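**Student:** Can you look at this prediction? I've put the sequence above it.
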Amino acid sequence: MRVVLFMGMSVNGLVARKNGDEDFLSHRCWKVFTKLVARYGCFVAGRRTQEQVAKWGKKYDFTKLPGLCVIVSKKGGRSTNKLIFAISPGDALCKLAKLGYREVLLAGGPTLNSSFAKAGYINEIILYVEPAVIGEGKALFYPRNFNMRLALRSVQRTSGYIILKYKVK
């Protein structure tokens, strides 16, 4: 299965503040994410990411997005027709494959991103770079005990933000 990682981040490479807040991400980033979910038809996120996004308000609800959401959580959860739970990256991809998906958008947090990267599941990375710098916070990957070689595919620049697309070699 083809996995595309999408993350909104600060200019200095942080995806959240130390406490997990993502208040520096704009509504425009959410719109870009929503369009990608519609394109892929499904996405995978972590439980902590789901909880953090839920704090943003009612219009930022994973179950209202135009696609199936898979939450990776060792705690599990109650699945619905728009939301299913998986216990690992491999379990998430297996469940999506059984449902006929061939591509998935990954919108995890640093830990989930690292789990997918270590397993060699990520094929492409799309970074939405916000015009913000955060003093302390969470990096794109954590822990970072793996290596990835990337090839830049495209750069899109529009009124204050940049979208970088990379192919994983």
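**Tutor:** Right, received. Where do you want to start? Numbers count the residues shown, from 1 in each chain.
**Student:** lowest-pLDDT helix or strand in this structure?
**Tutor:** The least trusted helix or strand in the chain, going by mean pLDDT, DSSP states H and E, turns out to be helix 47-54, with a mean of 86.
**Student:** Which secondary structure elements does that helix sit against?
**Tutor:** Contact partners of helix 47-54 among helices and strands, from 3 or more C-beta pairs under 8 Å, 6 or more residues apart in numbering; DSSP states H and E: strand 68-72. Bear in mind the C-beta positions are built from the backbone N, C-alpha and C, glycine included.
**Student:** between the strand it packs on and helix 47-54, how many degrees?
**Tutor:** Put simply, strand 68-72 runs at 130 degrees to helix 47-54, going by axes from the mean of the first three to the mean of the last three C-alpha atoms, to 10 degrees.
**Student:** for strand 68-72, packing partners?
**Tutor:** strand 42-46, helix 47-54, strand 83-86, helix 89-98.
**Student:** what's in contact with the least confident helix or strand of the chain?
**Tutor:** Helix 47-54 is contacted by residues 16, 20-22, 45, 60-62, 69, 71-73, 75, 77, 107-109, 111-112 when judged by C-beta atoms under 8 Å, 6 or more residues apart in numbering.
**Student:** Check which residues of that helix are buried.
**Tutor:** For helix 47-54, a neighbour-count test (16 or more other C-beta atoms under 10 Å) marks 47-50, 52-53 as buried.
**Student:** ditto for stretch 115-133
**Tutor:** Buried-residue list, stretch 115-133, by 16+ other C-beta under 10 Å: 115-117, 121-122, 124-130, 132.
**Student:** So which of those residues sit within helices?
**Tutor:** Judged by DSSP state H, helices contain the following of these: 115-117.
**Student:** can you redo those residues as CSV with pLDDT and distance to I84?
**Tutor:** Converted to CSV, these look like this (pLDDT from 0 to 100; distance: C-beta to C-beta, whole Å):
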residue, pLDDT, distance to I84
S115, 96, 18
F116, 97, 17
A117, 97, 22
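**Student:** Columns distance to K95 on top of these, output as JSON lines?
**Tutor:** Output for these, formatted as JSON lines (distance: C-beta to C-beta, whole Å):
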{"residue": "S115", "distance to K95": "16"}
{"residue": "F116", "distance to K95": "15"}
{"residue": "A117", "distance to K95": "20"}
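**Student:** Pick the one among these closest to L164.
**Tutor:** For those, the minimum distance to L164 (C-beta to C-beta) is 16.6 Å, reached by A117.
**Student:** any idea how far that closest one is from M148?
**Tutor:** Remark: distance between A117 and M148 (C-beta to C-beta, to the nearest Å) = 6 Å.
**Student:** What of L65?
**Tutor:** From L65 across to M148, the span is 27 Å (C-beta to C-beta).
**Student:** Appreciated, that's everything.
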